[in-house]
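Novice: Generate coordinates for the sequence data below:
(2 chains)
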Amino acid sequence: MPNLGLVFFPAFDWMISPTHPERQERLLYTRDQLLEEGIFDLPQIREYRPRMASIKDLERVHIGIPSIAKLITPAHLVSAGGCLTAADAVMRGEVKCAFALVRPPGHHAMRVVYGIRGFCTINIEAVMVEYLRSKYGVKKIAIVDTDVHHGDGSQDIFYHDPDVLYISFHQDGRTLYPGTGFPNEAGSPAALGMNLNLPLLPGTGDEGIHRLFDGLIRPVLDEFNPEIIINSAGQDNHFSDPLASMNVTAQGYASLAAKLKADIAVLEGGYSVEAALPYVNTGIVLAMAGMDYSQVIEPDQTALHLQSTECNQRVDQLIDQVGQLWTDREILRKEAMSKCGRQWQRNKSIYYDEEGISENQRETAHYCENCSGYLTIETTAANTRFGDQNAYIVVFNRDTCSICRENAVALALKAKKTGKWDNILIQDKTKSIVANI
Amino acid sequence: MLLGIDVGGTFTDAVLIDGDVICSMAKSETTPDILGGILLSLDRLFSAEKLDKEIIDAEKMRITRVVISSTIVTNALVENKIDQVFLAVMAGPGMSTKGQFPVEPYLATGYIDHRGKVITAEAIDYDLVKKMATGKKVAAVSGKFSVRNQINEKALRGDLKKCNFLKIFSGSELSGELNFIRRTNSAYFSAAVYTKYADFIRQIKKSLNEREINAPVHILKADGGTLPLEASLEQPVEAVFTGPAASVLGIEALKPPSVNTISLDVGGTTTDIAFWEKGQPLMSPKGAVLAGFNTAVRAFHMRSLGLGGDSVIIRTKEGFVVGPERAGRAMALGGRAPTLSDAFITLGLVSFGEGRLAREAMKLYARGEETEKQVAHAVVEAAVKKIKRTIDEMVYQWGIQPVYTVNDIIAGNLFKPELLIGVGGAAPGLVKALGDYMHLPVEIPVGAMVANAIGAALAKPTLTATLRADTTENYYIIPEAGIKAKLPHYFNKQVAQELLTAWLQAAANKWQIIAPVAEIVAYEEFATIHDYISSGKIIYLKMQLQPGVLSHVIGREVAF
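Specialist: Coordinates of the predicted model:
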């Protein structure tokens, strides 16, 4: 059996705009490097052609307003489909692990979608997670997000899910988009401690991220013991990335991939298209294929600096603080649940940087003794491609019981009667549909 | 008139073609020295029906081109009758090259990056090179990304001049495509077969001269195109696997399929399988594999499966296994062990030899109450399933070719066969059974017995070249030509096309090839951005003189 299934899709005909970081050229030099090295000929690697995801696959995760189909391009179906192809390859036992080296990326896309934010419209990892559950019945999943930006979309989608452990290390949100990703964002009461944010100081390099991995991420993963580990493999912690300020090298990323041993890796960001991506991707591919990556070294390291001592101090502080949170999670969860009673609510204002959309959202988790309950979301957005939009949304979980379903539908009908909402939507993950009532 | 000679493993065939008419055909056994067989075939070709020397001489005068398809390179590799090669590579940083080449290379200093920038200049340790090169007559050099900038590879070649090699091959001149390992192996194998190939060419010329045939001589390449003998000396590795290529061209000349087709050339030992779309044989998306190593040799999307009429049959606990070893002649023809052909004869799918002996062959494997026919059915089923597995793998390989755009994905790349075409001695039996199994119609074209020689005779000359331009760095490169030059003041796709066409035409003229129109095989254009500002363009263009056949012919059957 080959070690690695590789789904390579550079989307040479997709861009946000001609000079945008997400432009046609982004994976050109990576393609050239992989081809020139002869990566696609290796017996340790089996190549896969991405398939197209269906709207149903997307609607297991997203609620698009006015509809998800109106907000995406075919490229989104291919990049999400590439992840499903990778998942199939691993779950069918054709390969030991897989890497969906695809674009457009996804980890800033949240549950409710009005447009593009942080270069993302569809959260391709989340689409894959829901696919793994509905097709293969996988329950416990860990996502390790190694992109330099906080994956606020993934956090949003799995915030109430006690079976998905989301770990993200990233450049501190006070210095970088999207500005979130602090340890106190740890999950809603029922899933407290399952969302671990590890904001690093700008300038952190290989030493710091490996210290963090060895000291916290590895032991947490070992204890959680997930059925599947997913790596949101962003590459913008690289020292040459134009959008961020970190100091990680191709060797740092490759050796991290070798340690993490993700079942499925999915490309996220990374915009140093010439100086970093060809080498980081070659390194990760070789590491996941179980091959020697020790000679994968960027020819130009002039922008590389040693990390300052403060970087490791921050790392050690996070190991303590977040490690404690992880250890105490059961107690904290009980406390939080008893404190909030049958409902927990959060208000969010979400900005879509790419399109200038401002969304205000109130999300309510409804708890139940017999099931995991359901969500209701009240959302309004200004300046979307379709003008001002709003919706009242009910989200059923997989195990939502019939009483909760009745209650939720009653709430939806009540909301409809107010005449306040243009859209009343019900998302049913078991049926993979979003219905407008 | 065109003369085609196909030197196969068993037979050497020759055909003479005038327009769409096959004037004469001859067959003789292939001799160990190859030339004996060629001469014998030629003598038979020109003496078969016409005894008048004047007519023969007039006919020879009318020959405008001779094409030879030969197993010389393939055999040299199979039998390991190759020269020791001094291999020098500049791998730079990246994947470890350990085990990727047939020999441990000398690792020279030097690195070019993906944009063609020199990161490290070429340098060698001459004392070590001298030591490693001792006793080696030929050399191959190759550098990572040398197709983007050949300066290091040329320098390395220059440095090795002092070692007085008979010939040095450069990876980037053999292929302008990305894949350092494949280019390196192409250069290595070219060097490894060089002296043997050069000797073969000398003998071909001599023997044709002796038979007073003075037309230009071409050699058939694995991609189905021809090259003049002299030109082929610069890339001997391209003359590998010409047998299967000749067979594909033979089918194209005799009966080009109009629908999606799988063609099967079923010989005694092997079956060569090729795919067709819109009347054209599909080219392999990657290069050929030689002696287990990936090369940049362009070839058809083909597989050679160790299964043919003479294949040995074994019965195991799991059922029958057919091939890959050859049992020798069918028992129906007096052979000693049961073969696949005996099963076909028993089932009445083909008729030759003695049916009684074929049935007895099947009887040898019968268990309990089994009849000969039941055994034969099981044997044929095993053979058919084995072929089907190979076809499925080929469909898969075709389907996963890299796709770079959303449009490609939407267009899809699934190969769905609608027809099977069989050529070769055992085709009627095997391909018909396969057609039943796959629920596909089967065609066995007339004239299939010498399809390979026909294919060789009619093959078009081909040339391929690539151009890559980087307007930010202000240069273009045509690696196959060894050209790297400043861009003209105005540059776009059309200018790129003109530059490349001009070189292809010049090369064609140099080798006296009547050049058909050069066509575009691949084109890419990217804007390069620095600090959010468009800084230039990268343009990649690949063109070729289109392969195929010069004309179609009407087949006829002849008993040899």
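
Novice: how many other residues sit next to A:Arg174?
Specialist: 9 (other Cβ atoms under 10 Å in any protein chain shown). Backbone N, C-alpha and C define where each C-beta goes, glycine included.

Novice: Next one, pLDDT for it please.
Specialist: Here the pLDDT value assigned to A:Arg174 is 97.

Novice: go on, the one 5 residues further on?
Specialist: Predicted confidence (pLDDT) at A:Gly179: the value is 96.

Novice: Same check on B:Val450?
Specialist: At B:Val450, the model reports a pLDDT of 79.

Novice: Could you double-check that it sits in contact with B:Val15?
Specialist: Yes: applying Cβ atoms under 8 Å, one finds B:Val450 in contact with B:Val15, separated by 5.6 Å.

Novice: First-to-last residue distance for stretch A:190-200?
Specialist: 27 Å (Cα to Cα, to the nearest Å).

Novice: next one: that stretch to chain centre, how far?
Specialist: Distance, stretch centre to chain centre, for stretch A:190-200: 13 Å (Cα atoms, centre = their mean, to the nearest Å).

Novice: now the strands for the stretch 251-400 of chain B?
Specialist: Listed in chain order, the strands of the stretch 251-400 of chain B (DSSP state E, counting those that start in this stretch) span B:261-266, B:271-277, B:280-281, B:289-290, B:293-294, B:302-305, B:311-316, B:319-326.

Novice: Quick check: which of those is nearest to chain A?
Specialist: strand B:293-294 (4.9 Å; Cβ to the nearest Cβ).

Novice: anything in contact with each of B:Val450 and B:Val15?
Specialist: B:Met25 (Cβ atoms under 8 Å, 6 or more residues apart in numbering or on different chains).

Novice: Tell me which of the strands of the stretch 251-400 of chain B sits most buried.
Specialist: The highest mean neighbour count among these, using mean count of other Cβ atoms under 10 Å in any protein chain shown, belongs to strand B:261-266: a mean of 27.

Novice: Who are the contact partners of residue 255?
Specialist: Since no chain was named, I'll use chain A. Per Cβ under 8 Å, 6+ apart, neighbours of A:Ser255: A:Asp206, A:His210, A:Ala287, A:Tyr293.

Novice: you looked at the wrong chain, it should be chain B
Specialist: B:Ile421, B:Glu443, B:Pro445, B:Gly555.

Novice: any idea how far B:Val322 is from the residue nearest to the second one when sequence neighbours are not counted?
Specialist: Going back to what we said before, that points to B:Glu443. Spatial nearest neighbour of B:Glu443, excluding adjacent residues (Cβ to Cβ, 6 or more residues apart in numbering or on different chains): B:Ile421 at 5.1 Å. Per Cβ to Cβ, to the nearest Å, B:Ile421 is found 21 Å from B:Val322.

Novice: With B:Lys117 instead?
Specialist: Applying Cβ to Cβ to B:Lys117 and B:Val322 gives a distance of 55 Å.

Novice: ditto for A:Asn123
Specialist: 51 Å.

Novice: ok so, going back, the residue nearest to B:Glu443 in helix, strand or coil?
Specialist: strand (DSSP: H, G, I helix; E, B strand; the rest coil).

Novice: number of nearby residues for it?
Specialist: B:Ile421 has 24 nearby residues by other Cβ under 10 Å.

Novice: contacting residues for it?
Specialist: Counted by Cβ under 8 Å, 6+ apart, B:Ile421 has contacts B:Ile251, B:Lys255, B:Pro257, B:Thr261, B:Ile262, B:Ser263, B:Leu264, B:Val431, B:Val442, B:Glu443, B:Ile444, B:Pro445.

Novice: and with 6 Å instead?
Specialist: By Cβ atoms under 6 Å, 6 or more residues apart in numbering or on different chains, B:Ile421 lies in contact with B:Ile251, B:Pro257, B:Thr261, B:Ser263, B:Glu443.

Novice: Got the confidence number for it?
Specialist: Looking at B:Ile421, the pLDDT reads 94.

Novice: B:Arg211 now?
Specialist: pLDDT, B:Arg211: 88.

Novice: And it, how close does it get to B:Pro324?
Specialist: Between B:Arg211 and B:Pro324 the distance is 38 Å, computed by Cβ to Cβ.

Novice: Contact residues of chain B facing chain A?
Specialist: Within reach of chain A by Cβ under 6 Å from any Cβ of the partner chain, chain B has these residues: B:93-96, B:113-114, B:119, B:145, B:178-181, B:294, B:400, B:403-406, B:409, B:526, B:529, B:532.

Novice: Could you look up the SS state of residue 219?
Specialist: With no chain named, the answer covers chain A. Taken by three-state DSSP, the conformation at A:Pro219 corresponds to helix.

Novice: should've been chain B
Specialist: What three-state DSSP gives for B:Ile219 is strand.

Novice: Can you list the buried residues in stretch B:6-15?
Specialist: Buried residues in stretch B:6-15, counted by 16 or more other Cβ atoms under 10 Å in any protein chain shown: B:Asp6, B:Val7, B:Gly8, B:Phe11, B:Thr12, B:Asp13, B:Ala14, B:Val15.

Novice: Please flag which of those sit within strands.
Specialist: B:Asp6, B:Val7, B:Phe11, B:Thr12, B:Asp13, B:Ala14, B:Val15 (DSSP state E).

Novice: Closest to B:Tyr126 out of those?
Specialist: Within those, the smallest distance to B:Tyr126 is 42.4 Å, found for B:Val7 (Cβ to Cβ).

Novice: Was I right to think that closest one contacts B:Ser70?
Specialist: Yes: if you go by Cβ atoms under 6 Å, B:Val7 and B:Ser70 touch, sitting 4.3 Å apart.

Novice: Could I get the contacts of B:Lys255 in JSON lines, plus columns for secondary structure?
Specialist: Shown next, in JSON lines, are the contacts of B:Lys255 (three-state DSSP):
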{"residue": "B:Ile421", "secondary structure": "strand"}
{"residue": "B:Glu443", "secondary structure": "strand"}
{"residue": "B:Pro445", "secondary structure": "coil"}
{"residue": "B:Gly555", "secondary structure": "coil"}
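
Novice: most surrounded residue in the residues you listed?
Specialist: B:Ile421 (24 neighbours).

Novice: what separates that one from B:Leu340, distance-wise?
Specialist: Distance from B:Ile421 to B:Leu340, by Cβ to Cβ: 19 Å.

Novice: tell me the contacts of B:Ala253?
Specialist: Applying Cβ under 6 Å, 6+ apart, the residues contacting B:Ala253 are B:Ile454, B:Leu458, B:Val549, B:His552, B:Val553.

Novice: tell me the domain boundaries of the chain?
Specialist: Unless you meant another one, I'm taking chain A. Here the domain parsing of chain A from automatic domain parsing is A:4-330, A:343-436.

Novice: my bad, chain B
Specialist: B:86-177, B:304-444, B:464-545.

Novice: how far out from the middle of the chain is the second one?
Specialist: So the one you mean is domain B:304-444. For domain B:304-444, the distance to the chain centre is 23 Å (Cα atoms, centre = their mean).
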